[in-house]
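Enquirer: 3D model of this:
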Amino acid sequence: MTEDLRISLRNVGVKFDVSARQDSLKSTVLNAFRRSGKKEKTERRVVHALKSVTLDIEHGERVGLIGLNGAGKSTILKVMAGIYPPTSGEATISGHVSAMFELATGFEMTQTGWDNIRIRGMLLGLTPAQVEERIQQIGEFSELGEFLDYPVKTYSAGMFIRLAFSVSTAINPEILLLDEVMGAGDVQFANKAKRRMHEFMEQGKILVFSSHSLDMLEAFCERVIWMRKGEVVMDGPAKRVLSEYTDRGGQ
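Expert: You can find the predicted model right below:
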């Protein structure tokens, strides 16, 4: 039920062990020049991508994420999508999630656009019968025409966006997570996608949208969360947060 849709994060932390590998060719060559009496210590490094993030997003909310590269925007979206489990705290997601992150994810590069609509649709939770019911509508919305008969490895980045967006928003997801995927493609399709997003939100669903485009965030979102080094700097009405972000140069 729409009324039950909710994203709830409580003191969520995510850390990654990015310890340098010592078996690389570079390390082997460098070690050959080191004195034999000294062994190189294994370098261990842990990156805290999120630090004690607490927030709630309710049904009907359109929430933007801003911050410099490495601020934690993509990580928090992947926690919401269930891709990254928190290493501390708790994440509770109530509702069917559809996520658009890396554009090639879920695509079979040697298969046609039509085949990939079927594959991606099933990965997003549709049955084969449901995919066939919607496949013509999805193809028409993408405006890819005869290119749907070609392998997707021949597609440009803009064509990937068209196909991924068309499938992801055709399944009527309850929670839609977007990571920097709306900024590419031609103006005509961007305007068409914007109309579909507004239609989607009018149904009382949840949108969480990460972008470096402040204009796009202001157009789509009523609330913006400003991230810095894995922490929430500011969370509030879009205009107020974006104004403060601009005044402080994103720092």
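Enquirer: shaky segments in the stretch 101-250 of the chain?
Expert: Applying pLDDT under 70 to the stretch 101-250 of the chain flags residues 102-106, 181-186.
Enquirer: how about the strands in it?
Expert: In the stretch 101-250 of the chain, the strands defined using DSSP state E, counting those that start in this stretch lie at 175-179, 206-210, 223-228, 231-237.
Enquirer: show me where the protein has helices.
Expert: Counting by DSSP state H, the chain has helices at residues 25-32, 73-80, 113-123, 128-142, 157-168, 187-202, 214-220, 238-247.
Enquirer: one step back: of the strands of the stretch 101-250 of the chain, which approaches M216 most closely?
Expert: The closest of the strands of the stretch 101-250 of the chain to M216 is strand 206-210. By C-beta to C-beta, the value is 8.0 Å. Backbone N, C-alpha and C define where each C-beta goes, glycine included.
Enquirer: which helices and strands does that closest one pack with?
Expert: strand 46-58, strand 62-66, helix 73-80, strand 175-179, helix 187-202, helix 214-220 (3 or more C-beta pairs under 8 Å, 6 or more residues apart in numbering; DSSP states H and E).
Enquirer: out of those, which gets nearest to D17?
Expert: That would be strand 46-58 among the helices and strands packed on strand 206-210, by C-beta to C-beta, at 5.6 Å.
Enquirer: next one: the closest one to chain centre, how far?
Expert: 15 Å (C-alpha atoms, centre = their mean, to the nearest Å).
Enquirer: give the partner strands of that strand in its sheet and their orientations.
Expert: Paired neighbours of strand 46-58 in the sheet (DSSP bridges): strand 6-17 (antiparallel).
Enquirer: if we look at the partner strand, which residues are touching it?
Expert: 44-59, 75-76, 79-80, 84, 86-95, 175, 206, 208, 230 (C-beta atoms under 8 Å, 6 or more residues apart in numbering).
Enquirer: just the buried ones from these?
Expert: 48-51, 53, 57, 59, 75-76, 79-80, 84, 86, 89, 91, 93, 95, 175, 206, 208, 230 (16 or more other C-beta atoms under 10 Å).
Enquirer: distance to I135 for the helices and strands packed on strand 206-210 - can I get that in CSV?
Expert: Putting the helices and strands packed on strand 206-210 into CSV (distance: least, C-beta to C-beta, whole Å) gives the following:
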stretch, distance to I135
strand 46-58, 31
strand 62-66, 28
helix 73-80, 27
strand 175-179, 20
helix 187-202, 17
helix 214-220, 27
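Enquirer: among the ones you listed, which is nearest T112?
Expert: Of all the helices and strands packed on strand 206-210, helix 187-202 comes closest under C-beta to C-beta, at 20.0 Å.
Enquirer: could you say what helices and strands the closest one packs with?
Expert: Going by 3+ C-beta pairs under 8 Å, 6+ apart, helix 187-202 lies up against helix 157-168, strand 206-210, helix 214-220.
Enquirer: pick the most buried one from the ones you listed.
Expert: Highest mean neighbour count of those: strand 206-210, a mean of 25 (counted as mean count of other C-beta atoms under 10 Å).
Enquirer: adding distance to N69, write the helices and strands packed on helix 187-202 out as TSV.
Expert: What follows is the helices and strands packed on helix 187-202, written out as TSV (distance: least, C-beta to C-beta, whole Å):
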stretch	distance to N69
helix 157-168	19
strand 206-210	11
helix 214-220	15
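Enquirer: so which of the ones you listed gets nearest K194?
Expert: So among the helices and strands packed on helix 187-202, helix 214-220 is nearest, using C-beta to C-beta, at 7.2 Å.
Enquirer: list of residues touching that closest one?
Expert: 62, 64, 66, 182-183, 194, 197, 207, 209, 211, 224, 238-239, 242, 245-246.
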